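Peer 1: Fold the following for me, if possible:
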Amino acid sequence: MEAWRSFKEGVWCDEINVSNFIKLNYTAYDGDASFLEGATERTNDVFEKVKDLLIKENEKGGVLDVDTEKVLSILSHGPGYVDKDKDIIVGLQTDEPLKRGVSPFAGYRNAVQACRAYGYEMSDKIKDEFTYRTTHNTGVFRAYTDTMKKARHAGILTGLPDAYARGRIIGDYRRIALYGMDYLIEQKKIDKKKIGEADVLNEETIHLLEDLSKQLDFMNQLKGLALDYGFDISKPATNAKEAIQWLYFGYLGAIKEQNGAANSIGRIAEFIDCYIERDIAEGILDEKGAQELIDDLVIKLRLVRHLRTPEYNDLFAGDPVWVTLALAGVTGEGKSMCSKTSFRVLQTLYNLGPSAEPNITVLWSEHLPQGFKDFCAQVSIDTDSIQYENDDVMRRMFGDDYSIACCVSAMKTGKQMQFFGARCNLAKVLLMALNGGKDEIGAEQIAPEGEMFEEEVLDYDKVIAAYKKYLSWMAKLYVNTMNVIHYMHDKYAYERLMMSLHDTDVERLMAFGVSGMSVATDSLSAIKYAKVTPVKDERGVIVDFKVEGEFPKYGNDDDRVDLIGKDIIEYFYKELCKTPAYRGAKHTLSILTITSNVMYGKKTGATPDGRKAGEPFAPGANPMHGRDAEGALASLNSVAKLDYACCQDGISNTFSITPDTLGKDKEQQVEHLTTMLDGYFAQDAHHLNVNVLNREKLIAAMNDPTLYPSLTIRVSGYAVNFNKLTREKQEEVIARTFHTAM
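Peer 2: Below you'll find the predicted structure:
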């Protein structure tokens, strides 16, 4: 076949197996960044137009335009371009850049509210269409129990995808380029025929037959989308430009169909590199052209937009879409998967400037070449725009062809999907345990009634027993709530195209999460090692605490407290696993808060660690602001003790260090940062966001946004443009620990 000319043959030729193709055909690169090219004149011209559009979007309050006449879908809009004559990789969600589409399937009322928030009104045509249609949100609230509603309202369970699309599903978009849509469609038809010929069709197989019918419909629609732009993706791509375009059409179709909370593009760089290196060898592409292809793809990814309500943006600050793109890693045989295209993706942060999107994630391994490690460190120091995850840990559980969803969650590409489900507030559950199942703010009885702790010094053994009792209750409620949500999402807002780019026999993960881990940990430490006396109000509810004496605080490499946090997480995960998950999904857990730690704090009363009511939590698995006082390495060591085996949805650690602490010059800073990353990940730590900057720079940017208009920072699993954060969230970021000593 012409499209596969000169590629090494393997099992990928006889079955859908992109991983086998990549391992046989990518070119490992162990050099440095000296080969890279800057932006071409064409790239600069196109990106200038994008920057002008971004300025206009910001001037209009964050939303440039909304099409309220059509429901956004794969074929809803005609072709759109930034510059039709200069675009290399083509395709936009609507017919104009940054124009947002309306997607009411997850929640019609939410879509109406989002339109109105920015001065738009949903068209009568869409109103009429959805008058008699059940949305995901409607279905969920039909099935919710009273207790689920109470827990949601009180903020014990928060950020649940019950009113918006769930996201976190990553189609294997590489399959389109390698095999073409016709072959993929034929394989799905074969799968459907085999399932339909079974002797007994049970509930699950009937469900799957309907899923496959929906998938096939949208696979054909994707071919129509590509034809609208003048491309035939029925057959495999024949060169690097086509490979990127075919792959991007798949991603574009997916985000036109679904406005999920996080729609990652996956692990694509080394796949693309196979085509680029072949084109270079054949003399039809040079390095400048290769970089231009990657730059143009990244421009399109930076233009991805979804229409959200202000409440959504309060929860997930910065208008993120989490187009997570994973780089490098190592094969199961121990060979580095770093390619020149791994470098080229990072180079876009120089050619196009720092950016939150795509959410570039480096899969770090001790086996990666030093030249790549050094370039990663340099990019972190210069842009604060990339994050790191431990490939040596994830590879043991997910193999060597996994992608990262949202922020930090690994999934086998095309073989696993995820049912996402936000956070349980661990600190609030502790307060509930002390208050006999009542909410400390509203005084409502939410959990089963238990012993109310009196206004006397708290006994650690009694507290931990009560806490675990309520954690067990919470875990069961959480799983059942998630089961309701994902049953309804499959029923009313199924991701047809994304799921078509998975194996039919897909493994399902159900992703639970926790917030307030460090608050709960320090609170229990205070109760164990200091004297903590509850203070009740006139309702008899504990609303504050008197803390006498010192206690060890999480983040200082002190096992007395660090192991308390480790035990809480492991206990809660085991309790989650006791309740079966929808469609046989495997339970996973994350310690991740995005920027919602501000909102979680608002919903939580005073805690025994001395934190006052309403104060923000620390992000993810981080120590509370300022409490990690023993230096950068001690803080990292504390987080590294958390066990990834029970947190396979991710352990987010956001780390800020001043440039002078890393070293006196760039060369020394790069050396020290790579050494720090190697040491941290050697302890089986999972994730690290890296910010190399001074607090003073953030304060200046907050007070005068024009000083650093493109300032990008890592927050909790993703990056944001600092100026897109609310003042309150900017202040919370500034209050975090900036390490000034190793």
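Peer 1: what's the burial count for R5?
Peer 2: For R5, the neighbour count with other CB atoms under 10 Å is 9. Placement of C-beta: from N, CA and C, glycine included.
Peer 1: where does the chain dip in pLDDT?
Peer 2: Scanning the chain with the threshold set as pLDDT under 70 gives 595, 741.
Peer 1: again, 80 this time
Peer 2: The chain contains residues with pLDDT under 80 at 261, 311-318, 594-597, 716-717, 737-742.
Peer 1: Regarding it, what is its longest helix?
Peer 2: Identified as the longest helix of the chain according to DSSP state H is helix 460-492.
Peer 1: Please list all residues in contact with the nearest residue to S596 once chain neighbours are set aside.
Peer 2: Distances taken as CB to CB, 6 or more residues apart in numbering place L315 nearest to S596, at 5.3 Å, with adjacent residues excluded. For L315, the contacting residues are T158, G159, I594, S596, M599, by CB atoms under 8 Å, 6 or more residues apart in numbering.
Peer 1: same thing with E731?
Peer 2: M702.
Peer 1: Name the helix or strand for it, please.
Peer 2: For E731, the host element (DSSP states H and E) is helix 727-735.
Peer 1: Tell me the buried residues in that helix?
Peer 2: Buried residues in helix 727-735, counted by 16 or more other CB atoms under 10 Å: K729, Q730, E732, V733, I734.
Peer 1: okay, that helix in CSV with CA atoms only?
Peer 2: In CSV, the C-alpha atoms belonging to helix 727-735 read as follows (Å, rounded to 0.1, in the frame of the first residue of the first chain):
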residue,chain,number,x,y,z
ARG,A,727,-8.7,38.3,41.6
GLU,A,728,-9.6,35.9,44.4
LYS,A,729,-7.9,33.0,42.6
GLN,A,730,-4.9,35.1,41.8
GLU,A,731,-4.5,35.9,45.4
GLU,A,732,-4.8,32.2,46.3
VAL,A,733,-2.0,31.3,43.9
ILE,A,734,0.1,34.1,45.3
ALA,A,735,-0.4,32.8,48.8
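Peer 1: Report the separation between I74 and F7.
Peer 2: Look at I74 and F7: by CB to CB, to the nearest Å, they are 30 Å apart.
Peer 1: Kindly report the same for I713.
Peer 2: 41 Å.
Peer 1: These two - which one has more neighbours?
Peer 2: Legend: neighbour count by other CB under 10 Å for I713 and F7, higher for I713 (25 against 17).
Peer 1: Bridged to that one, which residues?
Peer 2: The partner list for I713 in beta bridges (DSSP bridges) reads V720.
Peer 1: which residues in the stretch 251-400 of the chain form strands?
Peer 2: Ranges of strands in the stretch 251-400 of the chain, per DSSP state E, counting those that start in this stretch, are 324-328, 359-364, 386-390.
Peer 1: Check which helices and strands the longest strand seen in the chain sits against.
Peer 2: For the chain, the longest strand by residue count, based on DSSP state E, is strand 507-515. If contacts are counted by 3 or more CB pairs under 8 Å, 6 or more residues apart in numbering; DSSP states H and E, strand 507-515 sits against strand 409-412, strand 416-420, strand 423-425, helix 426-434, helix 460-492, helix 559-576, strand 586-591.
Peer 1: Pipe those into CSV and attach distance to A356 and mean neighbour count per row.
Peer 2: Putting the helices and strands packed on strand 507-515 into CSV (distance: least, CB to CB, whole Å; neighbours: other CB atoms under 10 Å) gives the following:
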stretch, distance to A356, mean neighbour count
strand 409-412, 18, 27
strand 416-420, 20, 25
strand 423-425, 21, 26
helix 426-434, 28, 27
helix 460-492, 26, 20
helix 559-576, 28, 19
strand 586-591, 20, 24
